[in-house]
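A.B. asks: predicted model, plus sequence, below.
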Amino acid sequence: MAELKTKPTKDSVNAFLGRITDEKRKKDCKVILNLMADVTETKPQMWGSAIIGFGRYRYKYESGREIEWMLIGFSPRKNDLTLYITGGVEQFPKIMEKLGKYKTGKSCLYIKKLEDVDLKVLRELVAKSVEKIAAKRIDK
C-alpha cells in the first residue's frame, strides 16, 4: 500500500509563514493560525511542506486502512487561503450560509482574503468540525 505523502514534519511553522512575501496574506495566515490553535487547544505543526495542521485523529477508510490525520489545517496557496475542514463543509449548511464569499472542494474551503468572510462564523465552522471528530482524537 502506498505511503501517505502528507504527514507531520519537524519544519518550523514560523519559518514557513516568514517566507510569505505578501504582507496581507501573511497577516491573514496568522489570524487563521491563532483561531485554529485556540479552537483545537494544540500547537500548529507543518504537514508536508505547505500545510499547517492542528491536532490529530485516527481516520479509518472503508477498506479498513487507518491513518493519522490533522483535526484541521490550512495552507496559503497561490490563489487562495485553503482551509482543510475534516469531513467536508457540506455537513454544516447553516454555517456556510452565513460565512461570506468562498468556494469549496470536497474537504476544502477556499477563501481569497480573510475580509471576505465573517470571522465569528469561520470560528464556529472550525469549532463544529473539530467537535464532530472529537471522539477520534489521539492528541489529547
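C.D. replies: Received the coordinates, thanks.
A.B. asks: mind checking what helix or strand follows the helix or strand bottoming out on mean pLDDT in the chain in sequence?
C.D. replies: Within the chain, confidence by mean pLDDT, DSSP states H and E is lowest for strand 57-60 among all helices and strands, at a mean of 80. The helix or strand immediately downstream of strand 57-60 is strand 66-69, counting by DSSP states H and E.
A.B. asks: for the chain, what spans make up the helices?
C.D. replies: Taking DSSP state H as the criterion, the chain carries its helices at 13-18, 23-40, 93-99, 119-132.
A.B. asks: okay, those helices in a markdown table with distance to residue 107, mean pLDDT and mean neighbour count next?
C.D. replies: (Each C-beta comes from the backbone N, C-alpha and C, glycine too.) Converted to a markdown table, the helices of the chain look like this (distance: least, C-beta to C-beta, whole Å; pLDDT from 0 to 100; neighbours: other C-beta atoms under 10 Å):
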| stretch | distance to residue 107 | mean pLDDT | mean neighbour count |
| --- | --- | --- | --- |
| helix 13-18 | 21 | 97 | 13 |
| helix 23-40 | 15 | 97 | 17 |
| helix 93-99 | 13 | 97 | 13 |
| helix 119-132 | 9 | 96 | 18 |
